[in-house]
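Q: Here is a sequence with its predicted model. Questions after.
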Amino acid sequence: MTTLLLLDEAMLEHDPGAGHPERPDRLRAVIQRMSTNPVAGTRTDNPCEGSLEAIARVHPQAYVQRIEDTRGVAVALDPDTRLSEGSVHAARLAAGAAVQAVDAVVRGSASNAFAFVRPPGHHALSDRAMGFCVFNNIAIAAEHARQSHGLQRVLIVDWDVHHGNGTEAIFYGRDDVLLFSTHQFPFYPGTGALRYTGVGAGEGATINVPFSPGATDADLRRSFRELLEPIAAEFKPDIVLVSAGFDGHGHDPLGQFELSAEGFADLCGSVKSIADQHADGRLVLLLEGGYDLEALASSVHACTRVLAGESSPDATTQSTPEGDRAVQQAVARHRERWHL
Ligand SMILES: [Zn+2]
């Protein structure tokens, strides 16, 4: 059994324009690192465009059609989210990679999967592109797991430095898709405060852990140990999906966390053991942000090595007083619903 890596050079054709941080060079850097330092136990495949049916489980038909109508033309969907001639094809490939990754781990043709996609997805709302994102790839993966494969419970872990507002909004009233998100706060897009925990049946199934700038590997790891791991043990997911953004790296020009490639590998080890314990190993990572090319490539490579079976490093940094407080407050907030 291998780790499936999904990528397609056609996703380089999505070009939001000069000076935009979400640039084709990001994917180029990842492709180059994976080809110069291949990871044993992986195989690479090209995704197909995601079907309109799979995308329409998350996005209304009218929105999907509006995006489809811009195929081959350059247009700005919002001030941050600009499309070039190749963008719709790239966005459909990103959604398709999310679906194919789920197929592979559910059918058992891969032990786990990492899809190197762009545009990213976790800010996309059901009816609106936002924050460099067109289709919400992770939400499409979750709905595909539920509706095409009949899986009951999906755990989404979002360690991008930004809050995954689109993912939260899509599943806010649901108890079958649990979202655990660590992020810088307050920060773009402004959502993700601790008090937002879900609504109705979904009450308690949204877990936001907002951190101050300067959060370290040990801070995030502690939130995984004290919140994510016990909550996952109770929730018992059938599959684990990760919005794997690397803009929390200390060298990232947008985020102000101090994480390292080894720290991301450590987080990856945590989600892998959750998947192994509760979900028959079914684990899919989808690339989100990460805007320093070297930090992105080394973090992706470190996580891929963990997926392929290398043991993850222990966090060596110290937790910070602000980070300790953030974890304590989140534990206090969620203690009523979960055994923490
Ligand atoms: Zn981000």
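A: That came through, no problem. Numbers count the residues shown, from 1 in each chain.
Q: residues of stretch 332-340 that come out buried?
A: Arg333, His334, Trp338 (16 or more other Cβ atoms under 10 Å). Using the backbone N, CA and C atoms, a C-beta is placed for each residue, glycine as well.
Q: and which of these is nearest Arg222?
A: Checking the buried residues of stretch 332-340 against Arg222 by Cβ to Cβ gives His334 as the nearest, at 14.5 Å.
Q: Distance check, the closest one against the ion.
A: 23 Å (Cβ to the ion, to the nearest Å).
Q: In the stretch 51-200 of the chain, what residue spans correspond to helices?
A: Counting by DSSP state H, counting those that start in this stretch, the stretch 51-200 of the chain has helices at residues 52-55, 61-68, 87-107, 137-147, 165-171.
Q: Which ones among the buried residues of stretch 332-340 lie within helices?
A: Within the buried residues of stretch 332-340, residues falling in helices by DSSP state H are Arg333, His334.
Q: Tabulate the buried residues of stretch 332-340 in CSV, adding columns for pLDDT.
A: Shown next, in CSV, are the buried residues of stretch 332-340 (pLDDT from 0 to 100):
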residue, pLDDT
Arg333, 98
His334, 98
Trp338, 98
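Q: so which of the helices of the stretch 51-200 of the chain comes closest to Ser311?
A: Using Cβ to Cβ, the helices of the stretch 51-200 of the chain put helix 87-107 closest to Ser311, at 20.6 Å.
Q: Give the burial count for the nearest residue to Gly121 once chain neighbours are set aside, as a bare number.
A: Using Cβ to Cβ, 6 or more residues apart in numbering and skipping the chain neighbours, the partner closest in space to Gly121 is Asn137 (3.5 Å). When neighbours are counted by other Cβ atoms under 10 Å, Asn137 registers 35.
Q: Tell me the buried residues in stretch 142-155?
A: So for stretch 142-155, counting by 16+ other Cβ under 10 Å, buried means Ala142, Glu143, His144, Ala145, Arg146, Leu151, Arg153, Val154, Leu155.
Q: no, scratch that, I was asking about stretch 289-301
A: Gly289, Gly290, Tyr291, Asp292, Leu293, Ala295, Leu296, Ala297, Ser298, Ser299, Val300, His301.
Q: Using CSV, write out every CA atom in that stretch.
A: The C-alpha coordinates for stretch 289-301 follow below in CSV (Å, rounded to 0.1, in the frame of the first residue of the first chain):
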residue,chain,number,x,y,z
GLY,A,289,-2.2,28.1,1.8
GLY,A,290,1.6,28.5,2.2
TYR,A,291,3.3,31.4,0.5
ASP,A,292,7.0,31.1,1.2
LEU,A,293,8.3,28.7,-1.5
GLU,A,294,11.0,27.0,0.6
ALA,A,295,8.8,26.7,3.7
LEU,A,296,6.0,25.3,1.6
ALA,A,297,8.1,22.7,-0.2
SER,A,298,9.9,21.5,2.9
SER,A,299,6.7,21.3,5.0
VAL,A,300,4.8,19.4,2.2
HIS,A,301,7.8,17.0,1.9
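Q: State the distance from Arg43 to the ion.
A: 28 Å.
Q: isn't that residue right next to Leu5, touching?
A: Yes - if you go by Cβ atoms under 8 Å, Arg43 and Leu5 touch, sitting 7.1 Å apart.
Q: Could you check which of the two has the larger neighbour count?
A: Comparing Arg43 with Leu5 by other Cβ under 10 Å, the one with more neighbours is Leu5, at 26 against 10.
Q: OK, now which residue of the stretch 201-340 of the chain is nearest to the ion?
A: Gly289 (2.9 Å; Cβ to the ion).
Q: right, and that residue touches Asp160 too?
A: Yes - in this structure, Gly289 is within contact of Asp160 by Cβ under 8 Å, at 5.1 Å.
Q: what touches both of the two?
A: Gly245, Phe246, Asp247 (Cβ atoms under 8 Å, 6 or more residues apart in numbering).
Q: which SSE is the last one in?
A: Following DSSP states H and E, there is no helix or strand that holds Asp247.
Q: wait, what's in contact with it?
A: Asp160, Val161, His162, Leu254, Gly255, Glu288, Gly289, Gly290, Tyr291.
Q: what's the answer for Ser126, then?
A: Here Ser126 is in contact with Val58, His59, Pro60, Tyr63, Asn136, Gly166, Ala169, Ile170 (Cβ under 8 Å, 6+ apart).
Q: okay, it: pLDDT?
A: Ser126 is assigned a predicted lDDT (pLDDT) of 98.
Q: go on, the one 10 residues further on?
A: At Asn136, the model reports a pLDDT of 99.
Q: Okay, the nearest residue to it once chain neighbours are set aside and the ion: tell me how far apart.
A: Ranked by Cβ to Cβ, 6+ apart and with sequence neighbours excluded, the top spatial neighbour of Asn136 is Ala124, at 4.2 Å. Distance, Ala124 to the ion, by Cβ to the ion: 13 Å.
Q: now do Ala139
A: 16 Å.
Q: So what's the residue count around that residue?
A: Ala139: 33 neighbours (other Cβ under 10 Å).
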